[in-house]
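Q: structure for this input, please:
(chains A and B)
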Amino acid sequence: MAAYLLRRIAGALLLVFLLVTVVFVLMHAVPGEPTALLKNQNPEQRERLIQLWGLDRPLYEQYGRWLRSALLRLDWGTSFTFHRPVLRVLADAFPATLALSTAAILIHLALALGGALWSVRRAGQGADRLVQASALVLNSLPVFWLGLVAILTFSGWLPWLPAGHMRSPDAASVRGWPAVADFLRHLVLPATVLGLSGFGGTVRLLRASLLEALSQDYIRTARAKGASEARVLLVHALRNSLTPLVQVLGYTLPGLLNGSLLIETLFSWPGVGQALFIGIQSFDYPLVLGGTVLSGVLVVAGTLGADLAQLALNPRLRPALA
Amino acid sequence: MAGGKRALAAGATLVGLFFALGALAPWLAPHPPNEQHDPLAAGDRPPATRMTCLELADGRRLCGDRCEPLALGGFRLERQGEWREVAADDLAAGPSGQPHRLRFPLGTDRYARDLYSRLLYGARVSMTLSLVSVLLALSLGVGVGSIAGTARPWLDHALMRLVDALLAVPSLVLILALSALFRPGNGLLVLVLGGTGWMEVSRLVRAEIKDVAARDFILAAEAAGLPSWRIVVGHLLPNSLAPVLAMGPILVGNIILAESALSFLGMGIQPPQASWGTIINDGRDSLPQAWWVSLLPGVAIALAVIGWNLLGEGLKQRLDPRQRSQSSE
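A: Numbers count the residues shown, from 1 in each chain, chains lettered A, B, ... in the order given. Predicted coordinates:
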């Protein structure tokens, strides 16, 4: 078990290293420089900036330098656009993204669980079909479009919720509960839209694993001893269908990060996705590199975490590793 | 999902429809996709708008809701509730100077371009672009997957770790970073979309090849002394490609979504060219007063992607007997 754990962690670290290398090479594969930024400078300033950022060095030297400072001094360079250390920019933006994704995951889970349970209770009937059809439709909708529809409906036609940003302009003076309420009001729309993305996949998987669990012998036993249908479904079947769900949650992380880039940009949510998008638009190598590595690390960690959690939840998987 | 056949039929119909719309766009579209008809009076008009237009001698076009002849020649047009008189001298010569009616079946965007025509041309862009990108992704995936599946263990390992690393970057981040660097034309967009979509395919092909390689008929081929390249090309690959075939349509759907997201962010298809993503972006600023501009392309995207997903779902159940027995639960 310990050996397995070590192997997995070593593998994850290797993966992150590989990822850094791949991203670095891809970003520098194109001849050129942060042209958009440098175009407006006079030649002297250009020269100085190129030297300052080390863009005139050979690629392997830039790579070595970046790797050394990134790993040893936790210095991920200075963002060209924000004129602050990349790690600071990312760290400042991270809480906003964390809040958004956490809320999104909770909404995602609640909806998927509800949908799957409802559809299983009425397998083959209209409700089941409805859930399956909406899973298909939701999986085929562009998430940014869903966001626009949400903005149009709930802050245009029905002026209930704010269309963007994390707090109202006058909220700086507000403290305590009103500030929290203000924040939550801003959170509802982006979190719901983000939570709906990838919903189709989760609900279908959960439905399939619930159906599978329901066909097992222990369900027959539970029914035979007179457990109510709700108890059979919620206690016996659901508990045993949660294992694959953990895995899926780990694997939906890349999709969630994709979505949060779009949603943060659309809703002007001051998170990592928005910072990354600004960086991408302006050839901000250090920021893009840092942001990509950060999201890669999150994905690798998510997958690893999901695998380990699954192991913890399902003892039957363990002997195979010994 | 009940009835792989029905999914297949519905998917094929939807996909066929969008292909037909895209292919026939030049004949179906009532207007050229980028033509601006009098932005002042005809911009952001709702679906089912009809307007009366006059061509002027200086090449401009004036459109109005009503048009009446003036006693002294010329016409007066009601534009945005105000009457504007056009003298006969200002009109273009010949029949085009006479009032004629223009129809905008799905309304206009804020530059007074016909939305229906733009959507048709958008279908053309989305369908071709995604199809070519998927062909690229499939060939890359099959190539890398079959190399990994048949090569020595160290190469197999190296390739699969590379695939893992690429899959760990959220695809949109990767695509955005690349397309920002390339400042895409449409050809490069295909390269970026196809070049970031092959990883899952290669995993699937590799697993499938490993699976098939252990079967008896491959052993028999080896025993018969066939050279290994013939075993790979003639026996292994053909028997490993069925699931890839089913994955193709789903990939097309994903790529349509990725392309639209990219174009929406201004990093894909470049304006003024019409693509579903750019149209949604064009309509963003006038969303409250002209919702149709941003909403209708989304419906088109959804229908097209649903079509491809149904097609993939149907193909999967058709090609994979294990899926067939599962679906009868």
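Q: point out where the stretch 151-300 of chain B drops to low pLDDT.
A: For the stretch 151-300 of chain B, residues meeting the criterion pLDDT under 70 lie at B:181-184.
Q: and A:Leu6, how many residues sit next to it?
A: Using other C-beta atoms under 10 Å in any protein chain shown, A:Leu6 has 10 other residues around it. For glycine as for every other residue, the C-beta is placed from the backbone atoms N, C-alpha and C.
Q: actually B:Gln273, not the one I wrote
A: Neighbours around B:Gln273, by other C-beta under 10 Å: 16.
Q: what helix or strand is the closest residue to it other than its chain neighbours located in?
A: Excluding the flanking residues, the one nearest B:Gln273 by C-beta to C-beta, 6 or more residues apart in numbering or on different chains is B:Val125, at 7.1 Å. Counting by DSSP states H and E, the element that carries B:Val125 is helix B:115-150.
Q: so which elements touch the helix or strand just after that helix?
A: Using DSSP H and E, the helix or strand that follows helix B:115-150 in sequence is helix B:153-168. With contacts defined as 3 or more C-beta pairs under 8 Å, 6 or more residues apart in numbering or on different chains; DSSP states H and E, the packing partners of helix B:153-168 are helix A:2-29, helix A:285-313, helix B:115-150, helix B:199-213.
Q: check contacts around the closest residue to B:Val163 other than its chain neighbours.
A: Counting by C-beta to C-beta, 6+ apart, B:Val163 lies nearest to B:Met199, which is 4.8 Å off, once chain neighbours are set aside. The contact partners of B:Met199, by C-beta atoms under 8 Å, 6 or more residues apart in numbering or on different chains, come to B:Gly141, B:Val163, B:Leu166, B:Leu167.
Q: okay, the helices and strands packed on helix B:153-168, which one's buried deepest?
A: Ranked by mean neighbour count under mean count of other C-beta atoms under 10 Å in any protein chain shown, these are led by helix B:115-150, which reaches a mean of 23.
Q: quick one: buried residues of stretch A:46-63?
A: A:Leu49, A:Ile50, A:Trp53, A:Gln62, A:Tyr63 (16 or more other C-beta atoms under 10 Å in any protein chain shown).
Q: pull the distance from that stretch to the chain's centre.
A: Averaging C-alpha positions (C-alpha atoms, centre = their mean, to the nearest Å) puts stretch A:46-63 33 Å from its chain's average.
Q: on that earlier part again, between the helix holding B:Val125 and helix B:199-213, how many degrees?
A: Comparing the axes of helix B:115-150 and helix B:199-213 via axes from the mean of the first three to the mean of the last three C-alpha atoms, to 10 degrees yields an angle of 40 degrees.
Q: chain center to helix B:115-150, what's the gap?
A: With C-alpha atoms, centre = their mean, you get 9 Å for helix B:115-150.
Q: that older thread, and the pLDDT for the residue nearest to B:Gln273?
A: Note for B:Val125: predicted pLDDT of 90.
Q: is it in contact with B:Gln270, as I believe?
A: No. The criterion here is C-beta atoms under 8 Å, and B:Val125 misses it with B:Gln270 at 11.3 Å.
Q: can you give me the strands for chain A?
A: Ranges of strands within chain A: none, based on DSSP state E.
Q: distance of the closest residue to A:Phe154 other than its chain neighbours from chain B?
A: Counting by C-beta to C-beta, 6+ apart, A:Leu161 is the residue found nearest to A:Phe154 once chain neighbours are left out, at 4.8 Å. Distance, A:Leu161 to chain B, using C-beta to the nearest C-beta, to the nearest Å: 14 Å.
Q: how many residues are close by A:Leu161?
A: Here the count is done by other C-beta under 10 Å, and A:Leu161 has 17 residues near it.
Q: now do A:Leu136
A: With other C-beta under 10 Å as criterion, A:Leu136 counts 19.
Q: for B:Ala88, same thing?
A: Look at B:Ala88: counted by other C-beta under 10 Å, it has 12 neighbours.
Q: low-confidence ranges, the stretch 1-150 of chain A, go.
A: A:1, A:27, A:29-41, A:52-53.
Q: enumerate the residues of it near chain B.
A: Residues of the stretch 1-150 of chain A lying near chain B by C-beta under 8 Å from any C-beta of the partner chain: A:14-16, A:18-19, A:22-23, A:26-27, A:30, A:32, A:132, A:136-137, A:139-146, A:148-149.
Q: contact partners for the residue nearest the centre of chain B?
A: The residue lying closest to the centre of chain B (C-alpha atoms, centre = their mean) is B:Ser126, at 2.0 Å. Applying C-beta under 8 Å, 6+ apart to B:Ser126 gives the contacts B:Phe18, B:Gly22, B:Ile256, B:Glu259, B:Ser260, B:Ser275, B:Trp276, B:Ile301, B:Ala304.
Q: list the residues that contact A:Pro142.
A: Here A:Pro142 is in contact with B:Leu257, B:Ser260, B:Ala261, B:Phe264, B:Gly277, B:Ile280, B:Gly298, B:Ile301, B:Ala302 (C-beta under 8 Å, 6+ apart).
Q: include distance to A:Ala93 when you put the helices and strands packed on helix B:153-168 into JSON lines, please.
A: Formatted as JSON lines, the helices and strands packed on helix B:153-168 follow (distance: least, C-beta to C-beta, whole Å):
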{"stretch": "helix A:2-29", "distance to A:Ala93": "19"}
{"stretch": "helix A:285-313", "distance to A:Ala93": "9"}
{"stretch": "helix B:115-150", "distance to A:Ala93": "31"}
{"stretch": "helix B:199-213", "distance to A:Ala93": "28"}
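Q: out of those helices, the one nearest A:His108 is which?
A: A:His108 lies closest to helix A:285-313 among those, at 14.1 Å (C-beta to C-beta).
Q: what angle sits between that closest one and helix A:2-29?
A: Using the same axes, to 10 degrees, helix A:285-313 lies at 160 degrees relative to helix A:2-29.
Q: once you drop chain neighbours, what's closest to residue 80?
A: No chain in the question, so chain A it is. A:Asp284 (4.5 Å).
Q: nope, chain B
A: According to C-beta to C-beta, 6+ apart, the nearest residue to B:Gln80 is B:Ala41 (5.6 Å).
Q: can you tell me how far that neighbour is from B:Gly312?
A: Applying C-beta to C-beta, to the nearest Å, the value for B:Ala41 to B:Gly312 is 46 Å.
Q: one more: A:Ala224?
A: Relative to B:Gly312, and taking C-beta to C-beta, A:Ala224 is found at 41 Å.
Q: those two: which has the busier surroundings?
A: The neighbour count for A:Ala224 versus B:Gly312, taken as other C-beta under 10 Å, is higher for B:Gly312 (22 against 8).
Q: please, which helix or strand holds the more buried one?
A: Element membership for B:Gly312 (DSSP H and E) is helix B:291-319.
Q: tell me what that helix is packed against?
A: Helix B:291-319 packs on helix A:126-140, helix A:143-151, helix B:4-23, helix B:115-150, helix B:242-264, helix B:276-283, helix B:321-326, going by 3+ C-beta pairs under 8 Å, 6+ apart.
Q: 6 Å instead, please
A: Packed against helix B:291-319 by the contact rule (3 or more C-beta pairs under 6 Å, 6 or more residues apart in numbering or on different chains; DSSP states H and E) you find helix A:126-140, helix B:4-23, helix B:242-264, helix B:276-283, helix B:321-326.
Q: closest to A:Gly291 out of those helices?
A: Using C-beta to C-beta, those put helix B:242-264 closest to A:Gly291, at 17.2 Å.
Q: helices or strands up against that closest one?
A: Against helix B:242-264 (3+ C-beta pairs under 6 Å, 6+ apart) you get helix B:115-150, helix B:276-283, helix B:291-319.
Q: report the angle between it and helix B:115-150.
A: 140 degrees.
Q: how big is the angle separating helix B:242-264 from helix B:4-23?
A: If you take the same axes, to 10 degrees, helix B:242-264 sits at 40 degrees to helix B:4-23.
Q: now do the buried residues in helix B:242-264.
A: Applying 16+ other C-beta under 10 Å to helix B:242-264 flags B:243-244, B:246-264 as buried.
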